[in-house]
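In: Have a look; sequence and predicted model below, questions after that.
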Protein chains: 2
Amino acid sequence: MKEYTPEYLEHITGVIDNRDEDTARTELSKLHPADIAELYRDLDLEQAEFLFRLLDADQAADVLMELDEDDRHKLLSAMSSEDIAKQVIDHLDTDDAVDIIQELDEEDRDEILSHIDDVEQAGDIIDLLKYDEDTAGGLMGTEMIVVNENWSMPQCVQEMRKQAEDLDDIYYVYVVDNDYRLRGVFPLKKMITHPSVSKIKHVMELDPVSVKTDTPVDELTLDFEKYDLVAMPVVDSIGRLVGQITVDDVMDEAREQSERDYQLASGLSGDIESNDTMFHQTKARLPWLLIGMLGGIGNSLILGHFESGFALNPAMALFIPLIGGTGGNVGIQSSAIIVQGLANGSLDIKSSTKQLFKELGVGLLNACIISLLVLVYNIFALGPAQVTTVAVSLSLFAVVVFASIFGTFVPLTLERFKIDPALATGPFISITNDIIGMVIYMSISSALIAAFGTSI
Amino acid sequence: MKEYTPEYLEHITGVIDNRDEDTARTELSKLHPADIAELYRDLDLEQAEFLFRLLDADQAADVLMELDEDDRHKLLSAMSSEDIAKQVIDHLDTDDAVDIIQELDEEDRDEILSHIDDVEQAGDIIDLLKYDEDTAGGLMGTEMIVVNENWSMPQCVQEMRKQAEDLDDIYYVYVVDNDYRLRGVFPLKKMITHPSVSKIKHVMELDPVSVKTDTPVDELTLDFEKYDLVAMPVVDSIGRLVGQITVDDVMDEAREQSERDYQLASGLSGDIESNDTMFHQTKARLPWLLIGMLGGIGNSLILGHFESGFALNPAMALFIPLIGGTGGNVGIQSSAIIVQGLANGSLDIKSSTKQLFKELGVGLLNACIISLLVLVYNIFALGPAQVTTVAVSLSLFAVVVFASIFGTFVPLTLERFKIDPALATGPFISITNDIIGMVIYMSISSALIAAFGTSI
């Protein structure tokens, strides 16, 4: 992250406040679009708009792409549909253009599309808008270099030169047959090592890793990592080349995915950042807190059935946090292992049963260790003949085993029903296990007291 | 992830068990090294070794790199130091070679290095071994294409061709001055668009984004994401080019970092996967469970001081899970927001005070909402004049505010002292807040009962 010194910020805001366009342009020309976007964070909207108007169209489009969605929305809403089409969309790659258009209101979309000069680009955008955001089709762009397998090398080079004009970066050249089906890939490196060969089909690499348009994004992310790719071709259901996904978009998706999992495990709903406003943060945090509150009230009702027990044997109350907390901790661990295994591809949903049995083993082992340690402690703290001593360790054992299995079973089941398993982590698991822990603890205690009284 | 059908696995194990080397070689030649590595998961060690011996050296080295550390260790420990040097290390890029050598015992390292035929590569590896694993120096490789800024284009192309022979992928050509200081970068794309120009310095891009050898890996990961890079040059303290980092390694690091944060937030210590053995899993899970157990016992001691209170006013016990759980949930949210903000670069440690004040605001808002809702509930459930009704809502208010501040303050403080802030998430925060919540609840209840008795 670029660190702007207070002196630099003072200098820039001074330039802006003086409306010194020349100096501002010089300063902007020294900055990467991503750095200009970061500078915007430290400016107010009016200052940002002043700088934005000084950027040339290519730069402005790149800066827009780098902004947070909220900031982008503010700048765009000050522009007419025609300006958005001609000054922004026309200067973006199709995948970025689609991302921006998807953020706009339905009625604005068609108007903007109608103002795009390049009909081919507009057509590509309309095609791309049809794909689900979470699939390869939703992530791909149509900018790439494509040559025919029957062309000679000089023919290909000429064609590459023509196509390369409009592209920012090129890593592979895709080779297709006469029906536009993907046949191979020609890494740019071979331009150096195999400069002149009769036909490209003799130097291209066959069977390149590719994805279908409907491949889920999390699957193709794993493929990028596994095969160490910088770009991947996307084909339709009959193998025709329709687009390309680049590694920078995949990295962004991977970070978003892991942030979403982390947030769900931490009881945060919605996309939230440390620099969001107080009200935005409260909104993202309150739902799970309220569910936790209802869980706590539910627990008070369960414990209420046992209220006379606390009067009779108040020592029972002391171990409520131990049992609830341990159940929560165990369940969170189990669910996290499953969610992570599904996310990084190391766990196959088909091996669920095996996983549940292993978890049963881990649960039994942990349960033995913890309940024995607490038993030893309580023999000294409360005495061996106390019903509480026995009830606490028996309950801990049952809670740890139950929470292990439950924390494994729930995310696996959600995955089976195509629901995001990360929903079953964090507060959901800890609240549920807390309640079930209390039911177990109270049932065992009641049974023991009914059988033996408070001393055994 | 490649899915091997049971039929395919049966076919392969049949081929292996028949020692049918020709068929096995044909099958292996159809697979990507990463896919062969995945196939190994479904084989036993003897079967894997059989296939491994049939691979040519380049393939074998690549497969080794794709294996889990444990599996790699098993295959390597069956090889002599000389074989490791000549059949593995000699065929790997320096960054991968260093990763493998770092996994070996200290005494094996020197022996292996002494067997490497290519003295230049051995020297590079020895240099790379000096860098800290978590810095750019520890992640970079020395394989790259470097040309002098004063060379003509044809000279450069000739040199590129020579250097490119040994490289897998090339994305940029780095341009240095006579002292080997990084001057610019020449994207391979320009080989197409600017095929013949007098000198490379006229077409290269100036001031490329670069990092120093001691830049932390998490910082350069953010730079890759921000500037959409596929490779980044690494320079020493006086700007001389010493290596290159590629995006595939950065993606692996980013995933490892986010998995580590996720595991810490979920109370898992050590690197753990769903397919690890039962004992390995128990070892990674037990530490936090034992800390949680000690926390629970600590809570029982705190509540023990109030044991007579439970006998007198057993309704107090019913709300222990509500107050402990809410404190834990709030604290986990607060710490997660900080850890995530620090990890993705959106939060600057310098704005700690501002962040704490905002968190105070969020905490107060949440505290008002939750304690009021519970107050209304308890007025109906217990009655307005009950001391429990008042004590629970007052305690909830205090606990939510405290947990918000504490969950923000601790990770920020750890970051300030260069300790991983992710340590202060998950179970640490929930256990601490649980204990502090009990202290607050018991103090407030005792004070109220002392002042008013059990009914106000």
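Out: Yep, it's here.
In: would you list every one of the strands in the stretch 51-200 of chain A?
Out: For the stretch 51-200 of chain A, the strands defined by DSSP state E, counting those that start in this stretch cover A:145-148, A:172-176, A:182-187.
In: looking at those strands, which is buried most?
Out: strand A:172-176 (a mean of 23; mean count of other Cβ atoms under 10 Å in any protein chain shown). Just so you know, the C-beta spots here come from the backbone N, C-alpha and C atoms, and that holds for glycine as well.
In: And it, what does it pack against?
Out: Counting contacts by 3 or more Cβ pairs under 8 Å, 6 or more residues apart in numbering or on different chains; DSSP states H and E, strand A:172-176 is packed against strand A:145-148, strand A:182-187, strand A:231-235, strand A:241-246.
In: where's it relative to the chain centroid, distance-wise?
Out: 30 Å (Cα atoms, centre = their mean, to the nearest Å).
In: Alpha carbons of that strand, as PDB, please.
Out: As requested, the backbone C-alpha atoms of strand A:172-176 are provided in PDB (Å, rounded to 0.1, in the frame of the first residue of the first chain):
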ATOM      1  CA  TYR A 172      -0.600 -16.500 -24.400                       C
ATOM      2  CA  VAL A 173      -1.800 -16.600 -28.000                       C
ATOM      3  CA  TYR A 174      -4.700 -19.000 -28.400                       C
ATOM      4  CA  VAL A 175      -4.900 -21.200 -31.500                       C
ATOM      5  CA  VAL A 176      -8.300 -22.300 -32.900                       C
END
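In: circling back: would you format the strands of the stretch 51-200 of chain A as CSV with mean pLDDT included?
Out: Converted to CSV, the strands of the stretch 51-200 of chain A look like this (pLDDT from 0 to 100):
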stretch, mean pLDDT
strand A:145-148, 93
strand A:172-176, 93
strand A:182-187, 92
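In: now those in a markdown table, with distance to B:Lys130?
Out: Shown next, in a markdown table, are the strands of the stretch 51-200 of chain A (distance: least, Cβ to Cβ, whole Å):
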| stretch | distance to B:Lys130 |
| --- | --- |
| strand A:145-148 | 41 |
| strand A:172-176 | 35 |
| strand A:182-187 | 32 |
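In: so which of the helices and strands packed on strand A:172-176 gets nearest B:Ser300?
Out: Proximity to B:Ser300 (Cβ to Cβ) singles out strand A:241-246 among those, at 55.1 Å.
In: Go ahead and name everything in contact with the closest one.
Out: If you take Cβ atoms under 8 Å, 6 or more residues apart in numbering or on different chains as the criterion, strand A:241-246 is touched by A:95, A:128, A:136-137, A:139-144, A:146, A:169, A:171, A:174, A:176, A:180-182, A:211, A:213, A:220, A:230-236, B:228.
In: could you point out which element follows that strand?
Out: Note on strand A:241-246: by DSSP states H and E, the next helix or strand toward the C-terminus is helix A:247-265.
In: That next one and chain B, are they touching?
Out: Yes. Counting by Cβ under 8 Å from any Cβ of the partner chain, chain B has neighbours in helix A:247-265: A:247-248, A:250-252, A:254-255, A:258-259, A:261-263, A:265.
In: so what does that helix touch, helix or strand wise?
Out: Helix A:247-265 packs on helix A:136-139, helix A:217-227, helix A:320-343, helix B:217-227, helix B:247-265, helix B:320-343, going by 3+ Cβ pairs under 8 Å, 6+ apart.
In: Redo those as TSV? Include mean pLDDT, mean neighbour count and distance to B:Asp20.
Out: Listed next are these as TSV, based on pLDDT from 0 to 100; neighbours: other Cβ atoms under 10 Å in any protein chain shown; distance: least, Cβ to Cβ, whole Å:
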stretch	mean pLDDT	mean neighbour count	distance to B:Asp20
helix A:136-139	95	25	38
helix A:217-227	92	20	28
helix A:320-343	93	29	34
helix B:217-227	93	20	45
helix B:247-265	92	21	34
helix B:320-343	93	29	50
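In: Distance to A:Thr23 for those helices - can I get that in CSV?
Out: Shown next, in CSV, are the helices and strands packed on helix A:247-265 (distance: least, Cβ to Cβ, whole Å):
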stretch, distance to A:Thr23
helix A:136-139, 40
helix A:217-227, 42
helix A:320-343, 48
helix B:217-227, 25
helix B:247-265, 36
helix B:320-343, 33
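In: ok, A:Lys358 touching B:Asp276?
Out: No. A:Lys358 lies out of contact with B:Asp276 (Cβ atoms under 8 Å); the separation is 9.1 Å.
In: Spit out the contact partners of A:Met191.
Out: Contacts of A:Met191 (Cβ under 8 Å, 6+ apart): A:157, B:188, B:191-192.
In: how about a cut-off of 6 Å?
Out: Contacts for A:Met191 were tallied using Cβ atoms under 6 Å, 6 or more residues apart in numbering or on different chains; they are B:Met191.
In: Can you list the neighbours in contact with stretch A:75-90?
Out: A:52, A:57, A:61, A:97, A:111-112, A:115-116.
In: Kindly check the end-to-end length of it for me.
Out: Chord length of stretch A:75-90, first to last residue, is 17 Å (Cα to Cα, to the nearest Å).
In: Please point out which parts of that stretch sit buried.
Out: Going by neighbour count (16 or more other Cβ atoms under 10 Å in any protein chain shown), the buried part of stretch A:75-90 is A:75-76, A:81, A:84-90.
In: As JSON lines, those with pLDDT would be great.
Out: Below are those laid out as JSON lines (pLDDT from 0 to 100):
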{"residue": "A:Leu75", "pLDDT": "85"}
{"residue": "A:Leu76", "pLDDT": "87"}
{"residue": "A:Ser81", "pLDDT": "88"}
{"residue": "A:Ile84", "pLDDT": "89"}
{"residue": "A:Ala85", "pLDDT": "89"}
{"residue": "A:Lys86", "pLDDT": "87"}
{"residue": "A:Gln87", "pLDDT": "85"}
{"residue": "A:Val88", "pLDDT": "88"}
{"residue": "A:Ile89", "pLDDT": "90"}
{"residue": "A:Asp90", "pLDDT": "88"}
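In: Could you say which helix or strand holds the nearest residue to A:Val330 once chain neighbours are set aside?
Out: Excluding the flanking residues, the one nearest A:Val330 by Cβ to Cβ, 6 or more residues apart in numbering or on different chains is A:Ala403, at 4.1 Å. In the assignment (DSSP H and E), A:Ala403 maps to helix A:387-416.
In: just how off-centre is the helix or strand just after that helix within its chain?
Out: Counting by DSSP H and E, the next helix or strand C-terminal to helix A:387-416 is helix A:426-452. Offset of helix A:426-452 from its chain centre (Cα atoms, centre = their mean): 35 Å.
In: as a whole number, average confidence for helix A:426-452?
Out: Mean pLDDT, helix A:426-452: 91.
In: same deal with stretch A:53-67?
Out: Stretch A:53-67 comes out at a mean pLDDT of 89.
In: right, and A:Lys226 touches B:Ala34 too?
Out: Yes. A:Lys226 lies in contact with B:Ala34 (Cβ atoms under 6 Å); the separation is 4.7 Å.
In: rewinding a little: which among the contacts of strand A:241-246 end up buried?
Out: Taking 16+ other Cβ under 10 Å as the criterion, what is buried in the contacts of strand A:241-246 is A:95, A:128, A:136-137, A:139-144, A:146, A:169, A:171, A:174, A:176, A:180, A:182, A:211, A:213, A:220, A:230-236, B:228.
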